[in-house]
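Chemist: Could you work out the structure for the sequence below:
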Amino acid sequence: MNPYREELRNILADLETERPAALRRSRSERWLYATDLPMTASEDIMETFVTRAGQAGWTIEKEEGWFQLDRKVSVPLSGTVPAEWTACPAAACCRSLLERHRDRLTVSDGYAERMLVKAGEENPAAYEEACRKLHARWAEALRCRQKIPAVHLTFFGGGE
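Modeler: Just a heads-up that it's a prediction; the model follows:
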């Protein structure tokens with residue numbers, strides 16, 4: 001379990017609800033995780049969750065009976081993605097673009113990091129596919145003289 005999911009799981013475990021709340025990767029590109037806590041908890045419990053998760057750095061929005069959760073992942077915490085997965089060829093291509101085009105980097109909107117954290121919970125093939133998609137998107141942006149997000153190299157087997 002990656003440290004972000006573990007943090008949310010621990011916050012949820014401390015709450016008294018009708019049943020344990022589900023926690024899953026969000027289906028939205030804008031959010032990292034989603035929980036059905038609003039379907040299982042009172043207003044007071046939901047408020048407690050929002051306060052605790054907010055204090056831990058999570059952004060929360062209620063959508064269609066679920067809390068959508070996101071957290072800025074500038075530098076991934078240890079264990080976010082297995083290190084051996086970051087050595088795949090597609091990750092090396094992403095790292096190469098980031099290293100060779102430092103003058104074309106801009107602040108990340110979090111999309112790439114969310115994509116990589118989610119893929120890092122699946123399997124090596126999913127992680128490599130995420131890297132392949134990012135590489136294609138970034139290469140196209142660079143060809144069009146656009147900037148690419150400054151994603152931390154740790155996601156791609158480099159940097160500390």
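
Chemist: what's the host helix or strand of residue 49 in contact with?
Modeler: Using DSSP states H and E, residue 49 maps to helix 43-55. With contact meaning Cβ atoms under 8 Å, 6 or more residues apart in numbering, helix 43-55 is reached by 8, 11-12, 14-17, 37-38, 41, 60, 67, 69. In this view, the C-beta of every residue, glycine as well, is placed from N, C-alpha and C.

Chemist: Okay, now the unreliable bits of the chain?
Modeler: 159-160 (pLDDT under 70).

Chemist: Out of the contacts of helix 43-55, name the ones that lie in strands.
Modeler: 60, 67, 69 (DSSP state E).

Chemist: for the residue nearest the centre of the chain, what are its contacts?
Modeler: Nearest to the mean C-alpha position of the chain, by Cα atoms, centre = their mean, lies residue 114 at 2.8 Å. Going by Cβ under 8 Å, 6+ apart, residue 114 touches 29, 30, 31, 32, 70, 73.

Chemist: so is the first one in a helix, a strand, or just coil?
Modeler: I take that to be residue 29. Following DSSP: H, G, I helix; E, B strand; the rest coil, residue 29 is assigned to coil.

Chemist: Quick check: closest non-adjacent residue to it.
Modeler: residue 111 (6.1 Å; Cβ to Cβ, 6 or more residues apart in numbering).

Chemist: what's the answer for the last one, then?
Modeler: Closest residue to residue 73 in three dimensions, ignoring its sequence neighbours and counting by Cβ to Cβ, 6+ apart: residue 113, at 4.2 Å.

Chemist: okay, now that neighbour: neighbour count?
Modeler: 23 (other Cβ atoms under 10 Å).

Chemist: just the angle between the helix or strand containing it and strand 66-70, please?
Modeler: Per DSSP H and E: residue 113 is located in helix 111-120. Comparing the axes of helix 111-120 and strand 66-70 via axes from the mean of the first three to the mean of the last three Cα atoms, to 10 degrees yields an angle of 110 degrees.
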